[in-house]
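Undergrad: Need the 3D shape of this:
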Amino acid sequence: MEKQSLSQQTARRLYNLIAAEKRLLPEEKLPNELELAQEMGVSRATLREAIRELATQGVLEVRRGRGTFVSRRVGEINDFGFSALDQVRGQLRDLFELRAVFEPEMAALACRRATPEELADILAQGERAAAAIRAGEDRTQADRDFHAAIVRATHNEFMTRLLPIISQAVETAIVSGDHGGRLAEYTLRDHALLMEFFAKRDPEGARCAMAVHMRHAMDEMRLEND
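TA: I've put the predicted structure just below:
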């Protein structure tokens, strides 16, 4: 049972690399089995099980004699209709309303369920995002990684499936909503508060901090709640 659970976690992590973090693109070949297993910290047997699961879902394609590839259809599977968010303001408002509903609960669940390693990852990704903001660098990937680490720690399959939406929203907020750097300032403070509650394992505090973070993002992008 423990091995099956680990393979499912590995499948989710691999799915996140493809669908949310865009580290592996459609038609791209996965690294060789030994290299990928070492990178993910699992056995080759566990990795094979994870790959089989994702192949069944149509995310990966195993091509005999050639290796395993990301499906060309992965964009269709995970697009959720939000591929042009920056062009459709009504959808963007709807998206952030969705985030405001789910992400505070995600933060609370992650606070309760995160393993010590996952908690350390959340804090490390938060520090990366903060360092990028302080240095005036592009924080898009670091910010996405921070939110992705929180979602992974919920250990909830359906919340994990929202990662492509959350990642797109993070990128869009940074590109379109950082008027005069105010969103970056809010993000720095909001993330610091979130990490403080995570470090204390305070689910209610994390929930409230994430709700405030969502409100700041919506306000800065002028997504009025009609």
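
Undergrad: so where does residue 62 fall, helix or strand?
TA: Following DSSP states H and E, one finds residue 62 within strand 60-63.

Undergrad: again with residue 68
TA: strand 67-70.

Undergrad: Break the protein into its domains for me.
TA: Segmentation of the chain into domains, based on automatic domain parsing, reads 2-77, 80-220.

Undergrad: would you turn these into CSV with mean pLDDT?
TA: As requested, the domains of the chain are exported to CSV (pLDDT from 0 to 100):
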stretch, mean pLDDT
domain 2-77, 81
domain 80-220, 84
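
Undergrad: Need the winner for burial among those domains.
TA: Of the domains of the chain, the one with the most neighbours on average (mean count of other C-beta atoms under 10 Å) is domain 80-220, at a mean of 18. Where C-beta positions appear, they are placed from N, C-alpha and C, glycine not excepted.

Undergrad: helices or strands up against the helix or strand hosting residue 144?
TA: Assigned by DSSP H and E, residue 144 belongs to helix 140-152. Counting contacts by 3 or more C-beta pairs under 8 Å, 6 or more residues apart in numbering; DSSP states H and E, helix 140-152 packs against helix 2-19, helix 89-113, helix 116-134, helix 157-160, helix 163-177.

Undergrad: who does the longest one touch, helix- and strand-wise?
TA: Looking back up the chat, that one is helix 89-113. By 3+ C-beta pairs under 8 Å, 6+ apart, helix 89-113 packs against helix 140-152, helix 157-160, helix 163-177, helix 182-200, helix 203-220.

Undergrad: So which of those helices is nearest residue 54?
TA: The closest of the helices and strands packed on helix 89-113 to residue 54 is helix 157-160. By C-beta to C-beta, the value is 12.6 Å.

Undergrad: what does the closest one contact?
TA: Here helix 157-160 makes contact (C-beta atoms under 8 Å, 6 or more residues apart in numbering) with 8, 12, 15-16, 102, 106, 109, 151-152, 154.

Undergrad: of all those residues, which two lie farthest apart?
TA: By the measure C-beta to C-beta, 8 and 102 form the most distant pair in the contacts of helix 157-160, at 20.9 Å.

Undergrad: Kindly indicate whether residue 42 is helix, strand or coil.
TA: Look at residue 42: counting by DSSP: H, G, I helix; E, B strand; the rest coil, its state is coil.

Undergrad: Fine, thanks again, bye for now.
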